[in-house]
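**Q** Predicted structure and sequence below. I'll ask about it afterward.
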Amino acid sequence: MIRSDTIVASATAPGRGAISIIRLSGPKSTEIAKILNGKSLKPRIATFGSITSNDEIIDTGIWIYFVAPHSFTGEDTVEFQGHGGPVVIQTILKLMTALGARLAAPGEFSQRAFLNGKIDLTQAEAISDLINASSISAVKAANNSLQGQFANHVNAIVTELISLRTQIEAHIDFPDEDIEPSSIEAFSSTINHIKNDLNTLIASANDGVKLNRSAEIVLIGEPNAGKSSLLNALAKEPLAIVTDIPGTTRDLIRHDLLIDGLEIRITDTAGIRSTDDVIENEGINRAINALQTADLVLCLFDERHHKISEDTVRNLVGNTQTPIGLLRTKIDIQIEPIKNNTNYPLLEISAKTGHGLTDFRNWLLEKLSLTTHSQTPFLARQRHLEHLKQAKDYIEEATHHHLGIETIDLIAEDLRLTQNALSEITGTFTSDDLLTSIFSTFCIGK
Amino acid sequence: MGLTLRSKTVVITAGTFLAGQIHIGMNQQSGGRAGDPASNDLAKSLRDKPFRIARLKTGTPPRIDSRSVDLASLPEQPGDTPTPYLSMMSVGNEHPTQIACYLSRTTEKTRDIILENLHLSPMYAGVIEGVGPRYCPSIEDKMVRFADKPTHQVFLEPEGLTSHELYPNGVSTSLPYEVQLDIVRSMEGCADAVITRPGYAIEYDFFDPRDLNSTLESKLISNLYFAGQINGTTGYEEAGAQGLLAGANAALRAQDKESWTVGRDEGYLGVMVDDLITLGTQEPYRMFTSRAEYRLALREDNADTRFTEKARSLGLVGDGLWRKFNERQESIEKELTRLKSLWVRPADPCIEKLNQVLTAPLSKEATAHDLLKRPEIHYQDLVEFADVDCNDDPSISSQVEILVKYSGYIDRQTDEIKKLKKNEQVRLPADIDYSTIVGLSNEVKQKLLDHRPETIAQASRISGVTPAAVSLLLVHLKKLELTHLAS
C-alpha cells in the first residue's frame, strides 16, 4: 500500500437522492465511526445508528463495517447510509475530517482498490480514465472556489509570506553578505500579521459558496445546426427563439434541468460563424469562454455534414481540456449515416420526433456523473479550508518562539510548512522559486 | 602521448577544462584555467557520444599583492574561536596558525569605472554564450543589477600562510586588465594595490546531469562516473562531495560490491545529487541550505551520526575513528537517559534560583529532560541551578541540548521522511514507455521523458507533474506488475 491515511467522501452521486452513502477507508475508519455513532461496529453487520455531534443528532441511518482486506478498497472501510441532502452530507464530511480523515482525492477509492489488488487488470483503463476525468473537474471546481475576494486574500497572504521567507532565508544562507539588517521585531510583527489574516480568511471562507454545483454543458455548432431545438426538446418548453435564419441566437441562453436527480445547466451558444455584427461577435466570444469552464461540450452537426474530422471539431471548440461529445441532429431529415473520424463519441437525435433523446439523456447522465461526482465547489472550498487551517497551525507555532538567532531556523521551518500548506491552494512554490526571490531582492555573490 | 590506460571504472572530474574558453575583456583564448591548457581532445571525443551538452560560465577575481594594500586601515576579520575542526579526531596543536582576512569595500568611483567600461565586458557585450548563475557572480553584475547600492563589501582573503597574494572575494570580473587595475585601486585601502594575476571569466562544457544515476554513474555509458563542474555545479564543497560519492561508487563497482547512494534526508550531498539528476540545472548549481526540506535534520553537529556507520561499512572509516564515534554515541545516549530520570521538584532547595530563569515558576515536578525542552533553559542553567551534574565533554552536552530542544521538529521531520520513503522505494523501470500511459497530458509525458526519474518520489518533484499524474503512474505500474504475473 502506498498511502496509509484515512480518506472520506460521499459515495453516491451529488443530487437529490433519497439515500446517500458516505464512505470512510483507512486505518482510522472504525475509530471515527465509533466516536460519531457512540458505540463500536461489528464487522459485516448492518447496524442502525446515528451521527451525533455535541449531543445533537445530525443524521440517522445504517452503519456497515467492512474489515480489511474484504472491502472495496482492500482497507478497513466503514459506510454510513444516511438521508442525503447536501447540507447534511457536508456537515458529516466536516465532522469526519475534523476527526482525522482526509477528503479523498479524485478517484482515490478506486485507485486504492486497484493498488490493493481488488480490481482486476481489465478495469485498469477505467480507473485511469476516472482519475483523469475527475482531476480535470476537481481543478475546475477548485478554480471556481478560488474566484473573487477569496483568491485575492489568499494571494495577498502568500505574497507577504514569500517576502518574509526571502528575508529570513537570506539571513540563514548568506550570513556573510551585507544584507540590510531587517529587524527581528519586524519579522515578528509580519508573522503575527499573516496569522491574523489567515484567521480572518478562515472565518469568512464559508460565505457565498454554493453547496452543490450543476453539471455544465455547452452546446456549440454552426449556425442553424439545431442547438436551440435540442435545448427546447430537453427542456420541454420553448426557451430560445427557433428560426431558420442563421445567427438567431445572439446571447447565451441557460437552462437548468433535473435529470434523475442530477442538476444540469445547459448553455446554448451563438452559432459559431464569422460576422461583422458586433452583438453576434460578442455572443461568439461568450460561447468560447463558456466552454472552457464546462464539464462537457457538445458539438452539433446537422444534415449538411457527412464526415467529422479532428479539424472540424477543433474549428468549433478551439483548444480546450473540456471533454467533447458529438451529436448528429435532425436525423428525421436525412438518415444517411455520418462518418466519424475522431475519437469522440457520436450520438444521433431528432429534436422534432424525439428519436434518440432517451439514449442521449442516459449517455449524458453517465458521462456527467463520472466527472462531477464529489467535485462540488463546496468540497473544493473545504479542501482549501483544510489547507488554510494547516497553514494557520504552522504559523502559530512560529509565533511561539522567542525570536532570535538561535530560533531563526525553527521559525524558518514553520514558515516553510506554512507555505507548503498554502501551495496546495495556489500551486507549488519550490525552494528554487525562493532562491530566485532572494537573488532578485539582495545583491549576493562572491 | 599514444598511451592507452585501461580501467574497470573511470571518474571524470574535468572542472572548467572541457573546451574551456577564457575571457579577459574582448580577448579570448582557449584555456582550462589561468596558465593551463584546455582539454579539447577529451571534450571532442565526449561530444561524439550521445550526451546532452551545454555551456556554463564562471569567473574569478584578480589577485592582489598583500604588501601593496594598506591592511592596517581596514577592519580585521578574524577566524572563529575556538577553531572548528572538520574531523572529530582533530586535536588543536596539529593545526596551522590561523591568519585574519580584511574587509574592504567598493566605492562610488568603482561603480562609475565599471558602468563606463561595461561595453568592454564580454558578458555584457554578448560574447559569452554560457549561462551564469542568478546571483551576482561578477562585480559587473552587482553594479548593473543593484545600481542604487552605493557600496559592496570585498573580503580580502590571504591565499596561504607562505603567499603574499590576496583573493579579493566579491570582485570577480572579466573586464580588461587596465580596467581591473582601476577597479581594485578604487576600493578602500587599495589605492596603491598591485595586481599579481588578472581576473577572468571562463566558459566550459557541462553534461546534463539528468543523464546520471544517483551514484553519479552515466546512464549512457556504464562504469563511467562524472563529478564536479562537469555536472553543472560550482563551488569547492559541491565538487568535493560529488568526488567522494563518484569515487566511492567507482571503487565499489570495481570490487563488484553494491553501490552507495545518499537520500535527501541523509545529507546535503543527497539533496544536491537528487536535484541535479531529477531537475537538471540551468545555471552553475550551488548548494544553499534552503534547498533542503529536512534542514533541521541536516546539521553540522550530527554529520557523524548521519554518515559514520555507512562510511564504516564502505571501508572509509578506520578503527580509531570508529571507536571514538561509538564512545560518543554511547555518552550521548547515556546522558539523555540520565536527564530523563533526574527529577526537579517545586520543593527543592535550588528552586528559587531556577524560577528566576523560567518564564513561569515550576508548579509540579519535572525531569531535567522536560526542563531542557523549554526555550529559556539551557544545559548550563541545569548545571547551575537544578543541581545537575555537569557532563565534562562540552560537545556531548551541546549535542544533548540540541536533541532535546529540537525534538518536536526533529520528530515531525522524521515522520515526513518516513512518508516520503514509501514513494522513494517505488522504482520506475528504466524502459517504461510514458507515451502509452492513459490519461497523462503530453506536457507531463514530455517532462518524464526528459527527466527519466528513477522513482515515484523523483517524478513527483518534477515541476508540472501533478498528484493526479503520480496516481496514474502508480496505476500503470500496478498494471505492469499484473501483466507480468499473468504472463
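**A** Thanks, I have the structure now. Numbering: from 1, shown residues only, chains lettered A, B, ... in the order given.
**Q** Please name the nearest non-neighbouring residue to B:His8.
**A** Let me fix one detail, which is that residue B:8 is Lys and not His. Spatial nearest neighbour of B:Lys8, excluding adjacent residues (CB to CB, 6 or more residues apart in numbering or on different chains): B:Ala254 at 4.6 Å. Any C-beta I mention is one placed from the backbone N, CA and C, and that applies to glycine too.
**Q** swap in B:Arg345?
**A** B:Glu365 is the one closest to B:Arg345 (CB to CB, 6+ apart), at 4.4 Å.
**Q** again, but for B:Glu217
**A** B:Tyr225 (5.2 Å).
**Q** Wait, a helix at the one you found?
**A** No - counting by DSSP: H, G, I helix; E, B strand; the rest coil, B:Tyr225 is not found in a helix; it is strand.
**Q** Let me know whether it touches B:Val11 as I believe.
**A** Yes - the pair B:Tyr225 / B:Val11 is scored as a contact, 4.3 Å apart, by CB atoms under 8 Å.
**Q** any residues in contact with both of these two?
**A** Listed as contacting both B:Tyr225 and B:Val11 by CB atoms under 8 Å, 6 or more residues apart in numbering or on different chains are B:Ala246, B:Gly247, B:Ala250.
**Q** before we move on, back to that, which residues touch the residue nearest to B:Arg345?
**A** Counted by CB under 8 Å, 6+ apart, B:Glu365 has contacts B:Trp343, B:Val344, B:Arg345, B:Pro346.
**Q** which stretches of the chain form strands?
**A** Defaulting to chain A. Secondary structure of chain A by DSSP state E: the strands cover A:7-10, A:20-25, A:47-53, A:56-66, A:77-82, A:102-103, A:215-221, A:253-259, A:262-268, A:296-301, A:307-308, A:324-328, A:339-340, A:346-348.
**Q** Switch to chain B, please.
**A** B:10-12, B:21-24, B:27-30, B:53-60, B:63-65, B:76-77, B:101-105, B:153-158, B:165-169, B:195-197, B:200-207, B:224-226, B:343-344, B:366-367.
**Q** mind giving me CSV with those strands and columns for mean pLDDT and mean neighbour count?
**A** Shown next, in CSV, are those (pLDDT from 0 to 100; neighbours: other CB atoms under 10 Å in any protein chain shown):
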stretch, mean pLDDT, mean neighbour count
strand B:10-12, 97, 19
strand B:21-24, 94, 23
strand B:27-30, 92, 13
strand B:53-60, 91, 20
strand B:63-65, 97, 21
strand B:76-77, 94, 12
strand B:101-105, 96, 21
strand B:153-158, 95, 20
strand B:165-169, 96, 21
strand B:195-197, 96, 16
strand B:200-207, 93, 25
strand B:224-226, 97, 23
strand B:343-344, 84, 17
strand B:366-367, 87, 16
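**Q** Of all the ones you listed, which one comes closest to A:Ala351?
**A** strand B:53-60 (60.1 Å; CB to CB).
**Q** angle of the closest one against strand B:200-207?
**A** Inter-element angle recorded for strand B:53-60 and strand B:200-207: 150 degrees (by axes from the mean of the first three to the mean of the last three CA atoms, to 10 degrees).
**Q** Could you name the helices and strands sitting against strand B:53-60?
**A** Under the contact definition 3 or more CB pairs under 8 Å, 6 or more residues apart in numbering or on different chains; DSSP states H and E, strand B:53-60 sits against strand B:200-207.
**Q** strands paired with the strand it packs on, and their directions?
**A** Strand B:200-207 pairs in its sheet with strand B:21-24 (antiparallel), strand B:53-60 (antiparallel), by DSSP bridges.
**Q** tell me the contacts of A:Ile62?
**A** A:Ile62 touches A:Ala46, A:Thr47, A:Phe48, A:Gly49, A:Phe80, A:Gln81, counting by CB under 8 Å, 6+ apart.
**Q** Tell me the one of the residues you listed nearest B:Lys419?
**A** For the contacts of A:Ile62, the nearest to B:Lys419 is A:Phe80 (28.0 Å; CB to CB).
**Q** sorry, back to before: rank the strands of chain A by pLDDT, which is bottom?
**A** When the strands of chain A are ranked by mean pLDDT, strand A:253-259 comes last with a mean of 72.
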